[in-house]
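> sequence unknown, structure follows:
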């Protein structure tokens, strides 16, 4: 039986109202880029410190400059542009659909402009990005005849961008956020394509890879994820049928999306421990990480921060060999 | 149909706040009071002018005037069914939730980019503690010269746009997290409907409301819940002999099927103009926004369709001929012109009054042109 070895966040964090106000002013040209960047850095640093003090084992910068998970890629990669609003899965949240208008190719480094690398220096950081298959499925393809070609070109562009980051010391894990995988059971062709795209990146990038699934049942994607070269598989406990997961022999680490990222309700630690215990009883895995179910951007910032503290408190009660 | 008329027109609810609903009244606002007062034939508008000039008014009076101006706005444009433009409401979600007991606004959350809304959390059993819509309705009923339709934010949207700290906790004994959340969400939805919306409907009906619109823009958010919503709605309207319109905008309407066929509403209001082209014509290639109606027809949908023929997200003024072509095409696709009720895609609150006015004139003229064709004139 595996133990609970790590805890971390899985994506975009809620921005403070002050930061949003400043970003609106920035959009209107009423605040300088430097002032805005300074505030973004301060808020990202504060979030990183919150995660460290809560005792999380890896930290993220909260992606505060990202309007949505896809935007830095659609704004910067050759062949893409930002399109109209579309619903972000089953949420009252919308993203701007990327439009594929010509051949996709990596053009210039862009992630440094969207990340707060300085906030992550000296820590075990995690980079969170959409996987190429998810990105392609959420885009409007007006160029490629073959969806496979689109995904593989995107994979090349994303791998290149990660390589161009230059292996910063903080980069301890690459997380692909992959909600599309679990929306419905994938067709076998799509499953193979996803695996190929992840393996393509894995060959070029030498950090452990986690694929986090959310808003849908992991059982829709588990067989294909077990075929991909990923070290950690994350899932959303609020929508996953655990009894079906038992049918698989999981030789990986599972990241249990334990804390509900889409509700202000603060679960009690005891309740969360019970829920986690049930996962471990029902779904044997090599080891377990714990995290929120999804990005914490769905909450007001003070509640998102409180969920970080809650995650830390739960991890302190179960982390390492301290539990079970 | 309204008064047996083919292609009767109606609006969807909101209109931008009246020009005088401002903290500071300047000469510009005073001129607008006069301009719109004259144009819309607002009775005794000079009294408002005097009150504003002298600074001798209170908030309630201003909102009454705003509601009156909005009612006259839609009537003067020629619409058959009107409302007060939601002049007294802050926003469709927040206004409705403010009137519930056992909720707490927890802060602003993202909708997209830097757009946010003030989201409430349910902290106890839902009930109504205020019924400001009653006052709205009584005022409109007293002053309107056309048929009145009151819009209410629907239970599904209120549920979906809220956090829940109470119902989920009440179900904490369910070991399976997924099942716990599913069950608690349904608990919340039924309680919002039964204790938060149905009492309003019943009281409005008792006071004479005969047209009620239930706004459900969130309905297709979780497609596996459409069936539950239909059950909730049907229970909510039982025994209420009014015309119900369910308004759903900016959604994938295919997700409503097949369950929507069981909805016991007289009208379904959908947004189409936003997806359509601006050129004239009644061919499939041009009227792309109305192709979805094929699915309605093929599925045997027999309710009236309150058809979005005016895009409320742009200042582009649709010509009457464009509205006409949209109505004709939609009528042809659905196969029964009596099912079509020309309208806007959604409320007009984001458009300036000048723009909204021109749009509503086109809506009414376009419906007239289509009617003339159908009636062989």
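Received it, and whenever you're ready, just let me know what you need. On a predicted model such as this, the values are computed, not experimentally measured, just so you know.

> where do the helices of chain B begin and end?
Applying DSSP state H to chain B gives helices spanning B:27-39, B:45-54, B:59-77, B:92-98, B:132-143, B:155-160, B:167-170, B:177-191, B:198-206, B:226-237, B:293-298, B:320-334, B:353-374.

> which secondary structure elements does the first one sit against?
Judged by 3 or more Cβ pairs under 8 Å, 6 or more residues apart in numbering or on different chains; DSSP states H and E, the packing partners of helix B:27-39 are helix B:45-54, helix B:59-77. C-betas here are computed from N, CA, C, even on glycine.

> what mean pLDDT does the shortest one have?
Okay, so that is helix B:45-54. Mean pLDDT, helix B:45-54: 95.

> tell me which residue of the stretch 1-150 of chain A lies closest to chain B.
Nearest to chain B in the stretch 1-150 of chain A, going by Cβ to the nearest Cβ, is residue A:94, at a distance of 4.0 Å.

> residue numbers of chain B in contact with chain A?
B:106-114, B:116, B:119, B:121, B:160-161, B:163-165, B:168-169, B:172, B:175-178, B:181, B:218, B:221-223 (Cβ under 8 Å from any Cβ of the partner chain).

> in strands only, show me those.
The strands, defined by DSSP state E, take in B:106-112, B:116, B:119, B:121, B:163-164 from the residues of chain B next to chain A.

> OK, contacts around residue A:136?
For residue A:136, the contact set (Cβ atoms under 8 Å, 6 or more residues apart in numbering or on different chains) comprises A:100, A:147, A:150-151, A:154.

> and if you look at residue A:2?
Per Cβ under 8 Å, 6+ apart, neighbours of residue A:2: A:253, A:280, A:284-288.

> distance of residue A:151 relative to residue A:307?
Distance, residue A:151 to residue A:307, using Cβ to Cβ, to the nearest Å: 33 Å.

> where does residue A:155 sit: helix, strand or coil?
Per DSSP: H, G, I helix; E, B strand; the rest coil, the secondary structure class of residue A:155 is helix.

> so what's it up against?
A:132, A:196-197, A:200-201.

> Serialize these to CSV and add fields for secondary structure.
Output for the contacts of residue A:155, formatted as CSV (three-state DSSP):
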residue, secondary structure
A:132, helix
A:196, helix
A:197, helix
A:200, helix
A:201, helix
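
> now the buried members of those residues.
The neighbour count (16 or more other Cβ atoms under 10 Å in any protein chain shown) marks A:132, A:196-197, A:200-201 as buried among those.

> which one is residue A:7 nearest to, not counting chain neighbours?
Distance criterion Cβ to Cβ, 6 or more residues apart in numbering or on different chains; nearest residue to residue A:7, sequence neighbours excluded, is residue A:315 at 3.8 Å.

> ok, now residue B:276?
Distances taken as Cβ to Cβ, 6+ apart put residue B:289 closest to residue B:276, at 2.8 Å, once the chain neighbours are dropped.

> what mean pLDDT does stretch A:156-174 get?
Confidence over stretch A:156-174 (mean pLDDT, whole number) is 94.

> could you do stretch A:117-126 as well?
Computed over stretch A:117-126, the average pLDDT equals 96.

> mind listing what's buried in that stretch?
Neighbour-count burial for stretch A:117-126, with 16+ other Cβ under 10 Å as criterion, is recorded at A:117, A:119-120, A:123-126.

> can you redo these as a markdown table with secondary structure and distance to chain B?
Formatted as a markdown table, those follow (DSSP: H, G, I helix; E, B strand; the rest coil; distance: Cβ to the nearest Cβ, whole Å):
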| residue | secondary structure | distance to chain B |
| --- | --- | --- |
| A:117 | helix | 23 |
| A:119 | helix | 21 |
| A:120 | helix | 23 |
| A:123 | coil | 26 |
| A:124 | coil | 28 |
| A:125 | strand | 23 |
| A:126 | strand | 21 |
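
> among those residues, which two are most distant?
Spatial extent of those (Cβ to Cβ) is set by the pair A:117 and A:124 at 13.8 Å.

> between these two, which contacts overlap?
residue A:170.

> for chain A, which strand is longest?
In chain A, with assignment by DSSP E, the single longest strand is strand A:94-105.

> what does it contact?
For strand A:94-105, contacts defined as Cβ under 8 Å, 6+ apart pick out A:67-71, A:73-74, A:77-88, A:135-136, A:138-144, A:150, A:153-154, A:156-157, B:111-113.

> how far off centre is it?
Computed by Cα atoms, centre = their mean, to the nearest Å, the chain-centroid distance of strand A:94-105 equals 19 Å.

> cool, and stretch A:26-42?
In terms of Cα atoms, centre = their mean, the gap separating the centre of stretch A:26-42 from the centre of its chain is 25 Å.

> same check, this time on stretch B:204-219
With Cα atoms, centre = their mean, you get 9 Å for stretch B:204-219.

> thinking again about what came up before, quick one: strands adjacent to the longest strand of chain A?
Here strand A:94-105 is paired, per DSSP bridges, with strand A:78-87 (antiparallel), strand A:140-141 (parallel).

> which residues touch the shortest one?
Taking contacts as Cβ under 8 Å, 6+ apart, the residues outside strand A:140-141 that touch it are A:83, A:97-100, A:147, A:150.

> just checking the distance from that strand to the centre of its chain.
Its chain's C-alpha centre and that of strand A:140-141 lie 22 Å apart, by Cα atoms, centre = their mean.

> mean confidence for that strand?
96.

> show me where chain A has helices.
Here chain A has its helices, by DSSP H, at A:17-27, A:33-54, A:71-76, A:111-114, A:117-120, A:132-137, A:147-164, A:188-204, A:222-227, A:242-245, A:269-282, A:301-318.

> from those helices, which stretch is densest packed?
helix A:132-137 (a mean of 26; mean count of other Cβ atoms under 10 Å in any protein chain shown).

> tally of neighbours for the nearest residue to residue B:57 once chain neighbours are set aside?
Closest residue to residue B:57 apart from its sequence neighbours, by Cβ to Cβ, 6+ apart: residue B:51 at 4.2 Å. By other Cβ atoms under 10 Å in any protein chain shown, 18 other residues sit near residue B:51.

> one step back: list just the nearest of the ones in strands among the residues of chain B next to chain A to residue B:150.
Nearest member of those to residue B:150, counting by Cβ to Cβ, is residue B:119, at 24.9 Å.

> got the contact list for the closest one?
Residue B:119 touches A:264, A:300, B:105-109, B:161-163, counting by Cβ under 8 Å, 6+ apart.

> give me the buried subset of these.
For the contacts of residue B:119, a burial check counting by 16+ other Cβ under 10 Å picks out A:264, A:300, B:106-109, B:161-163.

> what parts of the stretch 51-200 of chain A come near chain B?
Residues of the stretch 51-200 of chain A lying close to chain B by Cβ under 8 Å from any Cβ are A:67-68, A:85, A:87, A:90-96.

> all set now, cheers.
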